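Peer 1: have a look at this fold, sequence not included:
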């Protein structure tokens, strides 16, 4: 090295060498040389100037390093912000419960795998009575896992987050041999698993798991344990609220049905009518490919669509003959009265809107507002067909019940005038096929 350096440099008489020090570390040098054939020597002033140059060079070098670090930190910050944004989006959906269970579980797995990139696979499983079911996976075969007859008693339950090496080997101690073979077929090869219990109070109702693939050198850290514990708490909270919603929904349904029964006692001709209209309406909505939330709203709206008839005098509702013009004006008020009742109930505004317009006609000659065609909500147009069909096939004192075929022919006849022509055609075809 010395020989090569000697050959690369001119003969030197004297040098000023200034170190470039970053904190306590020397990161380089500035060197000025006087050739061997020169008579001059360096002065103290020269030393001071070189020292100042060294400080300038060091400042520039430091700035370049900081710039590089800043770019790296900015990139990390942007990536962290994006992960935070995704996490916030999921949590916000949970807060207002505007997310389906399956979608939520899948989004939580995707987010966890992004925040803990050393993990390759993941799963969420839930206890349902004595059964143990997988509800979401990444990497593993969910279709096979959901067919495995897993029992709650097979699970090793601990109320803490655990790191488990070779989890499939551990499962062999509690799983029957045939079940274990199916588990091995459905699972990717796993080196290490981070397993967190899903809990309601002190009761465990499932597991959230992330896995590192077999053959990888990565290992889970304490930070990963903390992250997975937080994910498990979010999932547990979601599950608790969903259970509460379901119980409230059941209670709400029973209250609605009780009101419907009260109406049936008030109006002798509506017995069973609302439930049948709900069945026909949801069947048509499903055939139209409407989403679950809309179908659910149509169901509720169908059950309560005639609630406003409580405000119509009983002698008019149960009149055995044809109504006078004045009496029919009373009847025409019931959609508005039904909507007014529902508007007083929190989160029933959309259902009230559907009920309000279920007596509007496609040609604009309906009531209460004379809306026409697509100005009428599609949910209301669906109920209008189901309501009319059930009314026609029901017995009345002033007329016999239509046969089902006669009622369907009447709907065909009124298609494009009273009823949405597309919905009428689909309903008639559906009902004839059903028969």
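Peer 2: Cool, got the structure. All of these numbers come straight from a predicted model, not from anything done at the bench.
Peer 1: so how far does stretch 148-165 reach from one end to the other?
Peer 2: Between the opening and closing residues of stretch 148-165 lies a distance of 23 Å (CA to CA, to the nearest Å).
Peer 1: pLDDT averaged over that stretch - what is it?
Peer 2: Stretch 148-165 shows an average pLDDT of 89 in the prediction.
Peer 1: so what's the residue count around residue 229?
Peer 2: Applying other CB atoms under 10 Å, we find 15 other residues in the vicinity of residue 229. Any C-beta I mention is one placed from the backbone N, CA and C, and that applies to glycine too.
Peer 1: next SSE downstream of the host helix or strand of it?
Peer 2: Here residue 229 sits within helix 222-266, counting by DSSP states H and E. Moving toward the C-terminus from helix 222-266, the next helix or strand (DSSP H and E) is helix 273-287.
Peer 1: just the residues contacting that following helix, thanks.
Peer 2: Residues outside helix 273-287 that contact it (CB atoms under 8 Å, 6 or more residues apart in numbering) are 260, 263-264, 294-295, 298-299, 301-306, 379, 382-383, 385-387, 389-391, 394, 423, 426-427, 430.
Peer 1: next: stretch 115-126.
Peer 2: Contacts of stretch 115-126 (CB under 8 Å, 6+ apart): 83, 87, 105, 108-109, 112-113, 132-140, 145, 150, 188, 190, 194, 198, 205-213, 216, 218-220, 224, 227-228, 235, 239.
Peer 1: please pick the buried ones from the residues you listed.
Peer 2: 87, 105, 108-109, 112-113, 132, 134-140, 145, 150, 190, 194, 198, 205-213, 220, 224, 227-228, 235, 239 (16 or more other CB atoms under 10 Å).
Peer 1: which of those fall in helices?
Peer 2: 87, 105, 108, 109, 112, 113, 145, 224, 227, 228, 235, 239 (DSSP state H).
Peer 1: could you work out the most separated pair of those?
Peer 2: The most widely separated members of these, counting by CB to CB, are 87 and 145 (26.1 Å).
Peer 1: what about the stretch 201-350 of the chain, any weak spots by pLDDT?
Peer 2: 241, 244-271, 345-347 (pLDDT under 70).
Peer 1: gap between the residue located most distally from the centre of the chain and residue 10?
Peer 2: In the chain, counting by CA atoms, centre = their mean, residue 39 sits farthest out from the average C-alpha position, at 83.4 Å. Separation of residue 39 from residue 10 (CB to CB, to the nearest Å): 16 Å.
Peer 1: reduced to three states, what does the closest residue to residue 42 other than its chain neighbours come out as?
Peer 2: Nearest residue to residue 42, sequence neighbours excluded (CB to CB, 6 or more residues apart in numbering): residue 16, at 5.4 Å. Counting by DSSP: H, G, I helix; E, B strand; the rest coil, the backbone at residue 16 sits in strand.
Peer 1: residue contacts, residue 16?
Peer 2: So residue 16 contacts 31, 32, 42, 46, 47, 50 (CB under 8 Å, 6+ apart).
Peer 1: mind checking which of these land in strands?
Peer 2: 31, 32 (DSSP state E).
Peer 1: of the contacts of residue 16, buried ones?
Peer 2: Using 16+ other CB under 10 Å, the buried members of the contacts of residue 16 are 42, 50.
Peer 1: save the contacts of residue 16 as TSV, and put in pLDDT too.
Peer 2: Listed next are the contacts of residue 16 as TSV, based on pLDDT from 0 to 100:
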residue	pLDDT
31	86
32	86
42	86
46	86
47	87
50	85
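Peer 1: run a quick neighbour tally on the closest residue in space to residue 334 that isn't next to it in sequence.
Peer 2: Ranked by CB to CB, 6+ apart and with sequence neighbours excluded, the top spatial neighbour of residue 334 is residue 308, at 3.8 Å. Residue 308: 22 surrounding residues under other CB under 10 Å.
Peer 1: tell me the SS of residue 308?
Peer 2: helix.
Peer 1: for residue 336, see how far away it is.
Peer 2: Taking CB to CB, one finds residue 308 at 7 Å from residue 336.
Peer 1: residue 195 now?
Peer 2: 57 Å.
Peer 1: which one's more surrounded, those two?
Peer 2: When residue 195 and residue 336 are compared for neighbours, residue 195 comes out ahead with 21 against 18, by other CB under 10 Å.
Peer 1: how about the more buried one: which residues does it bridge to?
Peer 2: residue 162, residue 209 (DSSP bridges).
Peer 1: I'd like the distance between it and residue 232.
Peer 2: 9 Å.
Peer 1: got any residues that touch both of the two?
Peer 2: 161, 208.
Peer 1: quick one: which of the contacts of helix 273-287 sit in helices?
Peer 2: Counting by DSSP H, those contribute 260, 263-264, 294-295, 298-299, 301-304, 379, 382-383, 385-387, 389-391, 423, 426-427, 430 to helices.
Peer 1: what's the ChimeraX syntax to select whichever of those residues are buried?
Peer 2: ChimeraX command restricting the ones in helices among the contacts of helix 273-287 to the buried ones, with burial defined by 16+ other CB under 10 Å:
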select :260,263,264,294,295,298,299,301,302,303,304,379,382,383,385,386,387,389,390,391,423,426,427,430
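Peer 1: now the ones in helices among the buried ones among the contacts of stretch 115-126 as a markdown table including distance to residue 415?
Peer 2: Below are those laid out as a markdown table (distance: CB to CB, whole Å):
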| residue | distance to residue 415 |
| --- | --- |
| 87 | 51 |
| 105 | 43 |
| 108 | 47 |
| 109 | 48 |
| 112 | 52 |
| 113 | 52 |
| 145 | 48 |
| 224 | 62 |
| 227 | 59 |
| 228 | 58 |
| 235 | 49 |
| 239 | 46 |
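Peer 1: rewinding a little: identify the bridge partners of the residue nearest to residue 42.
Peer 2: Residues in beta-bridge contact with residue 16 (DSSP bridges): residue 32.
Peer 1: can you tell me how far it is from residue 381?
Peer 2: For residue 16 relative to residue 381 (CB to CB), the value is 93 Å.
Peer 1: break this protein into its domains for me.
Peer 2: Structural domains annotated on the chain: 2-71, 101-243, 267-434, as defined by automatic domain parsing.
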